[in-house]
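S.K.: take a look and give me a structure for this.
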Amino acid sequence: MAGDTEPVLQTSGIVEVDHDQFVVSNDDTDTLDVQAKGTLIEVGPGFLATYTGVSYGPARVTVQVWQAEPVAEYDNWEVVEQSVITASAAIEVRSLEGRPSEGLEPIAAGAYHVRAHARGRDTSTSQEVTEPVEDYLFQFWPTPLDDLAESPVVATLKKTDRAWSDEPSNDTELWPDRSMIYVRDENGVTRKVDPESDLGRAVRALKLAYGGRPLKGKLTDQTYAKALAFLDRPLVDWLAEQDDEMLDEFKAFCVRTCFAVSGLDNYPWVNEWADRAIAQRRLDEDYFDLAERVKWDPTIPKRIVPGVPARRESLQQYEAVKTLAGFYEPVPYDSLHRALETYMWALDTFGMDGYEEFIATLRERFDISGE
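M.R.: Model (predicted):
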């Protein structure tokens with residue numbers, strides 16, 4: 001259908017923000033009759049209201065009407081929310097006081113899904129501006145009346161800005177302790193210890209044994225091989241023997257598994273990074289930047305996991321994103337380096353309680369043998 005390729009209506013213009021909001025409504029709409037709200041939009045009979053970062057001044061708005069649901073593209077937006085509205089008369093973008101916007105055409109009456117996008121809301125929070133610093137995109141497409149729930153909901157599909165969050169992020173409280181390492185004592189009990197303690201020095205000595213024999217060949221100068229070989233030397237040796245195609249398959253499996261165990265596979269906008277990196281065998285954005293976006297997103301639950309032997313504890317969701325390192329621009333690193341880096345972040349994602357099972361899964365999946 002036409003809605004799959006291009007909108008049947010696209011119009012852009014300027015709306016005046018008033019008291020931190022603007023609306024899409026008509027003259028007869030009661031915009032106080034709110035039935036559902038998110039951190040970007042709230043909806044009610046025949047209207048949606050938008051929460052802005054600025055308190056007063058102009059904002060750029062684009063409205064699209066499609067015949068069918070458009071492809072979701074979130075990369076250029078900081079927050080995306082979706083809901084439904086039913087309008088008995090044409091609606092348009094207006095100021096909170098009802099002043100029509102400049103250059104934006106009305107949307108015909110009907111029942112619609114609406115996907116709202118925004119960026120720039122953290123730029124001039126609670127200020128009055130004279131030039132636009134915020135951008136908004138609204139995509140409408142028809143929905144059958146029979147599909148409408150009695151009470152609408154607002155679904156948050158992406159959120160990386162801080163504007164209008166219900167609670168301040170508590171991720172600083174969850175940030176891992178980087179001063180201590182994890183070990184297992186003589187009884188197999190997990191302990192969190194000072195790196196300079198007797199147990200700390202013992203596990204570091206074990207790490208430097210590289211699993212019982214010196215590193216050779218391609219592994220000799222591999223930093224991550226030196227850090228991880230003692231955990232399962234045959235797996236590290238196997239990686240050194242693989243071609244680029246098999247290393248890509250290994251990295252992809254690590255990424256998918258870590259996204260699943262950390263719960264990131266429940267967030268479409270995060271999954272898109274993995275899908276694109278794996279499909280193109282390349283990640284164009286810095287994986288640390290992507291990990292930071294997840295770290296500070298208050299809608300994504302976080303969990304601390306104890307480090308694998310000789311390593312520090314981790315924020316699981318942060319480490320899971322860093323497994324994408326395997327597909328980051330390889331120069332000046334070779335493909336083996338990137339595969340080992342992905343493996344390291346994957347082990348940090350699972351932590352002490354899950355890394356041995358994860359290694360066993362890798363061995364089975366890739367038929368890795370040896371002692």
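S.K.: can you read off the pLDDT for Asn170?
M.R.: For Asn170, the pLDDT comes out at 43.
S.K.: and for Ala310?
M.R.: 93.
S.K.: same question, the one 3 residues further on
M.R.: For Glu313, the model assigns a pLDDT of 92.
S.K.: nearest residue to Phe366 other than its sequence neighbours?
M.R.: With Cβ to Cβ, 6 or more residues apart in numbering as the criterion, Phe366 has its nearest non-adjacent residue at 6.5 Å, and that residue is Phe250. Where you see a C-beta, it was placed from the backbone N, CA and C, and this is true even at glycine.
S.K.: which helix or strand contains the one you found?
M.R.: helix 244-262 (DSSP states H and E).
S.K.: tell me the average confidence for that helix?
M.R.: 96.
S.K.: got the contact list for the residue nearest to Phe366?
M.R.: Residues in contact with Phe250 (Cβ atoms under 8 Å, 6 or more residues apart in numbering) are Leu239, Gln242, Ala339, Thr342, Tyr343, Leu362, Phe366.
S.K.: give the buried residues for the helix holding Phe250.
M.R.: 247-248, 250-259, 261-262 (16 or more other Cβ atoms under 10 Å).
S.K.: between those residues, which is nearest Ala87?
M.R.: Nearest to Ala87 among those is Phe259, at 38.5 Å by Cβ to Cβ.
S.K.: so how far is Leu362 from the closest one?
M.R.: 16 Å (Cβ to Cβ, to the nearest Å).
S.K.: related to what we said a few turns ago, mind putting the buried residues of helix 244-262 in CSV, distance to Pro176 included?
M.R.: Shown next, in CSV, are these (distance: Cβ to Cβ, whole Å):
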residue, distance to Pro176
Leu247, 29
Asp248, 30
Phe250, 26
Lys251, 24
Ala252, 26
Phe253, 25
Cys254, 20
Val255, 21
Arg256, 24
Thr257, 21
Cys258, 16
Phe259, 19
Val261, 17
Ser262, 14
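S.K.: please give the element, helix or strand, for the residue lying closest to Ala291 once chain neighbours are set aside.
M.R.: Leaving aside its sequence neighbours, Ala291 sits nearest to Val321 (Cβ to Cβ, 6+ apart; 4.0 Å). Element membership of Val321 [criterion: DSSP H and E] is helix 316-322.
S.K.: I'd like the average pLDDT over that helix.
M.R.: Rounded mean pLDDT across helix 316-322 is 95.
S.K.: got it, and stretch 221-237?
M.R.: Mean predicted lDDT for stretch 221-237 stands at 93.
S.K.: tell me the secondary structure at the residue positioned nearest the centre of the chain.
M.R.: The centre of the chain sits closest to Val270, judged by Cα atoms, centre = their mean, with a distance of 3.5 Å. Assigned by DSSP: H, G, I helix; E, B strand; the rest coil, the conformation of Val270 is helix.
S.K.: contacting residues around Ala72?
M.R.: Contacts of Ala72 (Cβ under 8 Å, 6+ apart): Val80, Arg115, Leu157, Pro268.
S.K.: tell me the one among the residues you listed nearest to Ser25.
M.R.: When the contacts of Ala72 are compared against Ser25 (criterion: Cβ to Cβ), the nearest one is Arg115, at 17.7 Å.
S.K.: enumerate every residue touching that closest one.
M.R.: Applying Cβ under 8 Å, 6+ apart, the residues near Arg115 are Pro70, Ala72, Val80, Glu81, Gln82, Phe138, Gln139, Leu157.
S.K.: and for Gln82?
M.R.: Contacts of Gln82 (Cβ under 8 Å, 6+ apart): His113, Val114, Arg115, Ala116, Val154, Ala155, Leu157.
S.K.: what strand or helix carries it?
M.R.: strand 79-87.
S.K.: what's the following helix or strand after that strand?
M.R.: Toward the C-terminus from strand 79-87 - assigned by DSSP H and E - lies strand 92-95.
S.K.: which elements pack onto that following strand?
M.R.: strand 9-17, strand 21-25 (3 or more Cβ pairs under 8 Å, 6 or more residues apart in numbering; DSSP states H and E).
S.K.: ok, and what's touching the shortest one?
M.R.: Surrounding strand 21-25, the residues in contact under the criterion Cβ under 8 Å, 6+ apart are 15-16, 29, 31, 46-52, 59, 61, 63, 85, 91-96, 101, 107, 138.
S.K.: so the closest residue to Asp122 other than its chain neighbours, which state does it fall into?
M.R.: Leaving aside its chain neighbours, Asp122 sits nearest to Asp161 (5.0 Å; criterion: Cβ to Cβ, 6+ apart). Secondary structure, three-state DSSP: Asp161 is coil.
S.K.: quick one: contacts for Asp161?
M.R.: So Asp161 contacts Gly53, Glu78, Val79, Ala118, Arg119, Arg121, Asp122 (Cβ under 8 Å, 6+ apart).
S.K.: on that earlier part again, can you lay out the contacts of Gln82 as CSV showing secondary structure?
M.R.: As requested, the contacts of Gln82 are exported to CSV (three-state DSSP):
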residue, secondary structure
His113, strand
Val114, strand
Arg115, strand
Ala116, strand
Val154, coil
Ala155, strand
Leu157, strand
